[in-house]
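Participant: A predicted structure for the sequence below; I have some questions about it.
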Amino acid sequence: MALTFLSRRAAGLVRSNNVAMTRMFSSEAAEASGNMSFSFNLPHESIYLNAKVAQVIVPGAGGEYGVTADHVPTVAQLKPGVLQIMHGDGSDAEKFFVSGGFALTHANSATDVTCPEAVRLDDIDPNAVSSNFEAAKASYAAAEVGSIAQAEAQIEIDVNRAMGAAVGLSLV
């Protein structure tokens, strides 16, 4: 009885709202408007602010995905990985390693990525990554089981493993 009432109430609200929605396939969306607006922010700086780009490939926690103009609105948690920015001018993708964060894609072809840390992939020293990975493994082994120190060491292991994979290392 309550479910039927709520369903009718929701249907009434939907009918009274005059918002028009158009469904497009991704091939149609790219032709429709071309570039998207992209903002990439860290706590201490904005790397991009409303820049026009062709595509962004996001390392989502549920899997890597690409965003182009007219993409369906999405909110995603980021995992440690490579954020790729395609400018659409034929140049190689600009690549950043991100330690995590969030990506919000809005209905108006705008995407915002906010991360606690990011570094250009070309600026990563593979030797430092290997060294940090080994130190994190040692910290994990030395920490009390279930402790905050062990959890922090596990995060360091995961981030350094992902960073190593981004620069071609296989860390185990």
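Facilitator: Okay, I see it.

Participant: what's the longest strand seen in the chain in contact with?
Facilitator: As assigned by DSSP state E, the longest strand anywhere in the chain is strand 45-53. Contacting residues not belonging to strand 45-53 are listed as 35-41, 85-88, 96, 110, 118 [C-beta atoms under 8 Å, 6 or more residues apart in numbering]. For glycine as for every other residue, the C-beta is placed from the backbone atoms N, C-alpha and C.

Participant: quickly run through the sheet partners of that strand, with directions.
Facilitator: strand 36-42 (antiparallel) (DSSP bridges).

Participant: lowest-confidence entry in the contacts of strand 45-53?
Facilitator: Here the lowest pLDDT out of the contacts of strand 45-53 sits on Gly88, with 83.

Participant: ok, now which ones touch the nearest residue to that residue once chain neighbours are set aside?
Facilitator: Spatially, and ignoring its direct neighbours in sequence, Gly88 is nearest to Ala54 (2.9 Å; C-beta to C-beta, 6 or more residues apart in numbering). Contacts for Ala54 (C-beta under 8 Å, 6+ apart) come out as 34-36, 68, 86-88.

Participant: from these, which land in strands?
Facilitator: Short answer: the contacts of Ala54 in strands (DSSP E) are 36, 86.

Participant: quick one: which of the contacts of Ala54 has the most company?
Facilitator: Highest neighbour count within these, by other C-beta atoms under 10 Å: Met36, with 25 neighbours.

Participant: for that residue, name its beta-bridge partners.
Facilitator: Residues in a beta bridge with Met36, per DSSP bridges, are Val53.

Participant: wait, it sits on Gly66?
Facilitator: No. The criterion here is C-beta atoms under 8 Å, and Met36 misses it with Gly66 at 10.9 Å.

Participant: overlap in contacts, those two.
Facilitator: Residues touching both Met36 and Gly66 (C-beta under 8 Å, 6+ apart) are 55-56.

Participant: quick one on the thing from earlier: out of the contacts of Ala54, who's nearest Ala166?
Facilitator: Met86 (17.1 Å; C-beta to C-beta).

Participant: pLDDT score assigned to the nearest residue to the closest one once chain neighbours are set aside?
Facilitator: In this structure, Met86 finds its nearest non-sequential neighbour in Gln55, 4.3 Å apart by C-beta to C-beta, 6+ apart. Per-residue pLDDT puts Gln55 at 95.
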